[in-house]
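# only geometry, no sequence info:
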Ligand SMILES: NC(=O)NCCC(=O)O
Ligand SMILES: [Zn+2]
Ligand SMILES: [Zn+2]
């Protein structure tokens, strides 16, 4: 069976042009004029873009004494409804500490539920022989990126020595280390002080994690990555201090990538001052939302290219779960949602305002992630042979974001009442329409697939060559120029 998408304007990270797309089975077979297929999808007046890739989600994640409420099923349905056709979720090792077992556990959780494709990053939450060995197994199982938490002291956090060892192992394996950059010791100290001062509400969360703590950790992680000779991806960049560290590193020629979240681009820290406890607690995440000046910096980074990917860090906890921290902000589960809203918010606040071109929008929502995480051009591209993960993006559809119409399992929406312009008229995952605007689609759970991601030959080789050329070496001297011993 073949399908042709007709009359649309194709947009990729580097081009915009009029053409039809012929899909045969699961892949793009041809791109050109006047193509014919068994079925026709009309894209008149719409942009035809690569399906979104959200490289930062946490479905059903065990965290802070509970488990994220969003399931792989509801989460990937929300993704499809928002024009996203692939997520990369974070695997956390269980009590046995095994990375291999964690991947199997994630497969078991996701396999029968996913409506679109998934990949995994692996969290490194300690350091020992088993982890060293199993990192290679993880690579063979299709994982090419490893996250290190510099925060969440006493839980997921690792120290510098462990991070150095793990980054060196990443370099050996040609895979990408990632960091959650916040100084966890300083956060823990600030939390204790604020509680002692009687600040127990969600505003304490924001006070305990100032941008300086994030900037310090970003600089430290960059220094460790440079010493280990590896590229680095910094997740959920929220502030100018971390952005500045990334800019400086990139200017020195380092491959450091920065990921702002759609939440950081659109919401600010005044949310934590809201008199309604639930309102403020539902927006508790780490790092927290920042002031407007930081937001402007993040937008500028996307425009200038110092930040590459807009993700969501979708970690959805219900009101009831958030209320666990009623008397103590340090136990409010950290996380917010955005998977379904990401593209529409970035279009509305990025493209509609002239901050981003449609091509830059595509780069930030799919192509750059596909390149950085080594699945390009299978994903994130409109080229012959690529997976037919395609969103027919209608820039005229208006929608009011609301818990009443969202697909997420959550009992609230942090964007309640916000008007957005632009929605997927159709979302296609490997050639199948999984979402059609206004038709109450229900993509089949279990149709999604795990996408293995191989290690990165090119950046690893380039960095090794450069490090070998610039590494310290002894100066060859004529013995006549060396003082004689006494
Ligand atoms: N970001 C957040 O608050 N929750 C999810 C876990 C993480 O990414 O740190
Ligand atoms: Zn994190
Ligand atoms: Zn996260």
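Good, I have the coordinates. As the structure is a computational prediction, the values presented were derived from the model and not from experiment. Ligands and ions are numbered 1, 2, ... in the order given.
# Assumed residue 393 was part of a strand.
Yes: per DSSP: H, G, I helix; E, B strand; the rest coil, residue 393 lies within a strand segment.
# could you pull out the helices for the stretch 101-250 of the chain?
Secondary structure of the stretch 101-250 of the chain (DSSP state H, counting those that start in this stretch): helices at 129-140, 160-173, 184-196, 203-207, 211-228, 240-251.
# Would you mind saying which of those lies nearest ligand 1?
Between ligand 1 and these, the tightest spacing by Cβ to the nearest ligand atom is seen for helix 203-207, at 9.5 Å. (Glycine included, C-beta is placed from N, CA and C.)
# can you list the helices of the stretch 101-250 of the chain in JSON lines and add mean pLDDT?
JSON lines is the format used below for the helices of the stretch 101-250 of the chain (pLDDT from 0 to 100):
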{"stretch": "helix 129-140", "mean pLDDT": "97"}
{"stretch": "helix 160-173", "mean pLDDT": "97"}
{"stretch": "helix 184-196", "mean pLDDT": "98"}
{"stretch": "helix 203-207", "mean pLDDT": "98"}
{"stretch": "helix 211-228", "mean pLDDT": "97"}
{"stretch": "helix 240-251", "mean pLDDT": "98"}
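# what's the spacing between stretch 125-134 and its chain's center?
Stretch 125-134 has its C-alpha centroid displaced from the chain centroid by 24 Å (Cα atoms, centre = their mean, to the nearest Å).
# before we move on, back to that, compile the helices of the stretch 101-250 of the chain into a markdown table and extend it with columns for distance to ligand 1.
Listed next are the helices of the stretch 101-250 of the chain as a markdown table, based on distance: least, Cβ to the nearest ligand atom, whole Å:
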| stretch | distance to ligand 1 |
| --- | --- |
| helix 129-140 | 19 |
| helix 160-173 | 16 |
| helix 184-196 | 11 |
| helix 203-207 | 10 |
| helix 211-228 | 12 |
| helix 240-251 | 14 |
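# Next, format those as CSV and append mean neighbour count.
Shown next, in CSV, are the helices of the stretch 101-250 of the chain (neighbours: other Cβ atoms under 10 Å):
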stretch, mean neighbour count
helix 129-140, 16
helix 160-173, 18
helix 184-196, 16
helix 203-207, 21
helix 211-228, 21
helix 240-251, 21
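# out of those, which comes closest to residue 429?
helix 129-140 (25.3 Å; Cβ to Cβ).
# And the contacts of stretch 353-362?
11-16, 47, 49-50, 299, 302-303, 346-347, 349-351, 364 (Cβ atoms under 8 Å, 6 or more residues apart in numbering).
# Restricted to strands, list those residues.
11, 16, 47, 49, 50 (DSSP state E).
# dump the residue contacts of the third one.
Contacts were defined as Cβ under 8 Å, 6+ apart; by that measure residue 47 touches 8, 9, 10, 11, 358, 392, 393, 395.
# Neighbour-wise, which one of those residues leads?
Taking other Cβ atoms under 10 Å as the neighbour criterion, residue 393 ranks highest of those with 30 neighbours.
# May I see the buried residues of the lowest-mean-pLDDT helix or strand in the chain?
Every helix and strand in the chain was compared by mean pLDDT, DSSP states H and E; the lowest is helix 457-470, with a mean of 78. Going by neighbour count (16 or more other Cβ atoms under 10 Å), the buried part of helix 457-470 is 459, 460, 463.
# isn't the first one right next to residue 255, touching?
Yes: counting by Cβ atoms under 8 Å, a contact exists between residue 459 and residue 255, whose distance comes to 5.8 Å.
# For the chain, what lies in contact range of ligand 1?
By Cβ under 6 Å from any ligand atom, the part of the chain that sits against ligand 1 consists of 58, 180, 236, 285, 286, 313, 315, 334, 335.
# Put together TSV for these, with neighbour count on each row.
Shown next, in TSV, are the residues of the chain next to ligand 1 (neighbours: other Cβ under 10 Å):
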residue	neighbour count
58	24
180	24
236	23
285	25
286	21
313	27
315	23
334	23
335	23
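# Could you tell me which of those belong to strands?
Counting by DSSP E, these place residue 180 in strands.
# picking up where we left off before, could you tell me which of the contacts of stretch 353-362 count as buried?
Looks like the contacts of stretch 353-362 have 11-13, 47, 49-50, 299, 302, 346-347, 349-351, 364 buried, using 16+ other Cβ under 10 Å.
# and of the residues you listed, the nearest to residue 273?
residue 349 (21.9 Å).
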